[in-house]
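Colleague: Below are the sequence and a predicted model; questions follow.
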Amino acid sequence: MKGQPSPFPGDPYPVFGEAFERAAAAAGGIVPMPVVLGGVRLLFEFAGSALLPRLGAPFEHLRTAGRPAAITVRAWDSESTGIGLPKELPTPGTVYAQSLPAMSEGGGQRWTYFRPDPGLTVFDSRTQAGIYWVPAASSLTYGDIAGGFRAIIAWAMAERGMVFLHSAAVAWAGHAALIVGASGSGKSSTALSCLLAGLEYLGDDHCLLELGDEPRVHSVYAAAKLHDAQLARFPELDAFVVNRDRVAPEKGVAILYPAFRDLLPMSRTLSAVFVPRITGEKRTVIAPAGPAAALAALAPSTLLQMASADRGGLAKMGRLVRQIPCFSLQLGTERREIAETIRDFLAERSTALE
Amino acid sequence: MPLDSRYEVNKPDVVDESVDGEVLIVHLGTGAYYSSRGVGDAAWQLIAAGSTALETSGLLQAARPAVADFVEHLLAEGLIRPRTKPVEPPPFVTVVPGEPVLEKYTDMQELLLLDPIHDVEEAGWPKAKPGAAAE
């Protein structure tokens, strides 16, 4: 929070960098993973390969060959490297929650502890460098796999005018729809129904919004979070679950790349915002909805879940729902028909706009 | 609450956006969010710009006690605070009949309250409370 002191006096950031380098040396070197996210080049650097299958895999569809990167994120775990967090650092006087990150006095650094505990995320705005540490790959929750580095991404992209949304997104014929709503509203099941019916998938829970004359949605994670009932409903995805060691009520995380590589675009033009509602009826219906309803479905969870990345995010989401038509997506019980209804709708939008 | 008191939005903890005659207000500190339609949206915009309850009720042709209650509610929820900034010219608002009503939603509060960081372990690093819920 602006105005609050850093939990650590001075500039401890280099100490984390030194710890990362020792961890990388102990684990056989740095494993680089350059990606392009929202048109921005990021370089993930892992100390050894232990975190790659869970933290790196959801970004595989965004991998690129190029360097240098605008943002660098260095990640390690203690279990595989034997290197913990520096102990000589002072005890934090105040502990900060995920949603309200600590900021250094000048506002140049953001800090947050996150689940699983203890864990640490740091982002230094001046150098555009992030640090991410967890005790072990196995301690990552499903939210940390399917939403890896989310605080750093949200903070860094907010500095570039983008909003890290709590939203699903699917596309057809070059046009995307956001599917917005609180957990349990049906957005994840809708996105997965679409993916398995051949529509493009840009995320089931998180994606990146870029405003402009033509707003765009950028994919962040090629992953899907599934609780047991969803795994039963979408058995096609069971083979791609990576956290089989999870304990209920942890969700399974299916990594969608490379199996669905042709349906994982990096970015699409936004043409609609859907607010889903489970009706229990057989048929799926799309009906016009007011922008205020769409904003109410999108904004609170985005603002409260995304580490307070950007207090201007609400204004940006307001601009989005004024700019893009909003609809109530009255979800029926037939999985295939949900996808077909959305596909036909987006095809019509495509024809109308081109 | 005096009817001639002036207030401002309790920033940075509180953010707001008016769309299509409805305002959405989010309190990032408590995790609660609010909406108000029609005359409530207009009243919020006027109060946020520094209009008093008295001025607001006059501009909106709304009952004075209803506006006073609305302002009281905003204060009680920590959405506004006594004004420190100069008063802004009242924004253009559409006058619609009715009484301002503030609706409160708390279903997202768990996103904040679930944060299980409470204790600090020996090495100086935070530790979850046993049994803390996962995301």
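Modeller: Cool, got the structure.

Colleague: Pick out the residue of the stretch 151-300 of chain A closest to chain B.
Modeller: A:Ala292 (3.8 Å; CB to the nearest CB). All C-beta atoms are positioned from the backbone trio N, CA, C, and that covers glycine.

Colleague: Number of residues surrounding that residue?
Modeller: A total of 22 residues lie near A:Ala292 under the criterion other CB atoms under 10 Å in any protein chain shown.

Colleague: List the contacts of the host helix or strand of it.
Modeller: Per DSSP states H and E: A:Ala292 is located in helix A:291-305. Contacts with helix A:291-305, where a contact means CB atoms under 8 Å, 6 or more residues apart in numbering or on different chains, come from A:99, A:163-167, A:178, A:180-183, A:185, A:273, A:275, A:313-314, A:317-318, A:321-322, A:326, A:328, B:15, B:17, B:19-22, B:24, B:26, B:28, B:31, B:33, B:35, B:37, B:105, B:108, B:111-112.

Colleague: Tell me the buried residues within those.
Modeller: A:99, A:163-167, A:178, A:180-183, A:185, A:273, A:275, A:313-314, A:317-318, A:321, A:326, A:328, B:15, B:17, B:19-22, B:24, B:26, B:28, B:31, B:33, B:35, B:37, B:105, B:108, B:111-112 (16 or more other CB atoms under 10 Å in any protein chain shown).

Colleague: Please enumerate the strands of chain B.
Modeller: Using DSSP state E, the strands found in chain B span residues B:7-9, B:14-19, B:22-27, B:33-37, B:80-82, B:103-105, B:117-120, B:126-128.

Colleague: for the residue nearest the centre of chain B, what are its contacts?
Modeller: Centroid-nearest residue in chain B: B:Leu79, 3.2 Å away (criterion: CA atoms, centre = their mean). For B:Leu79, the contact set (CB under 8 Å, 6+ apart) comprises B:Val9, B:Asn10, B:Val14, B:Ile25, B:His27, B:Tyr34.

Colleague: Neighbours of the closest residue to the last one other than its chain neighbours, how many?
Modeller: Nearest non-adjacent residue to B:Tyr34, counting by CB to CB, 6 or more residues apart in numbering or on different chains: B:Ile25, 4.3 Å away. Counted with other CB under 10 Å, residues neighbouring B:Ile25 total 26.

Colleague: ok, B:Ile25 to A:Ala182 distance?
Modeller: B:Ile25 sits 17 Å away from A:Ala182, going by CB to CB, to the nearest Å.

Colleague: which residues touch residue 32?
Modeller: Just so you know, I chose chain A. A:Leu43, A:Phe44, A:Glu45, A:Phe46.

Colleague: my bad, chain B
Modeller: B:Glu77, B:Lys104, B:Tyr105, B:Thr106, B:Met108, B:Gln109 are the contacts of B:Ala32 under CB under 8 Å, 6+ apart.

Colleague: circling back to that earlier point, is the closest residue to the residue nearest to the centre of chain B other than its chain neighbours in a bridge, and if so with what?
Modeller: Using CB to CB, 6+ apart and skipping the chain neighbours, the partner closest in space to B:Leu79 is B:Val14 (5.3 Å). For B:Val14, the beta-bridge partners are B:His27 (DSSP bridges).

Colleague: Could you pick out the residues of the stretch 251-354 of chain A near chain B for me?
Modeller: A:290-292, A:295-296, A:299-301, A:303-305, A:308, A:311, A:314-315, A:317-318, A:321-322 (CB under 8 Å from any CB of the partner chain).

Colleague: sorry, back to before: among the contacts of A:Pro32, name the ones in helices.
Modeller: Among the contacts of A:Pro32, none falls in helices (DSSP state H).

Colleague: Just flag the most distant two among the residues you listed.
Modeller: A:Leu43 and A:Phe46 (10.6 Å; CB to CB).

Colleague: between these two, what contacts are shared?
Modeller: Counting by CB under 8 Å, 6+ apart, the residues touching both A:Leu43 and A:Phe46 are A:Pro32, A:Met33.

Colleague: Compare these two (neighbour count), which wins?
Modeller: A direct count of neighbours by other CB under 10 Å for A:Leu43 and A:Phe46 places A:Phe46 higher, at 26 against 20.

Colleague: Name the nearest residue to that one, sequence neighbours excluded.
Modeller: Per CB to CB, 6+ apart, closest to A:Phe46 is A:Val31, 4.4 Å.

Colleague: Chain B versus that neighbour, what's the distance?
Modeller: 25 Å (CB to the nearest CB, to the nearest Å).

Colleague: so that residue makes contact with A:Ala50?
Modeller: No - with contacts counted by CB atoms under 8 Å, A:Val31 stays clear of A:Ala50, the gap being 9.5 Å.

Colleague: ok, those two, which is more surrounded?
Modeller: A:Ala50 (22 against 18).
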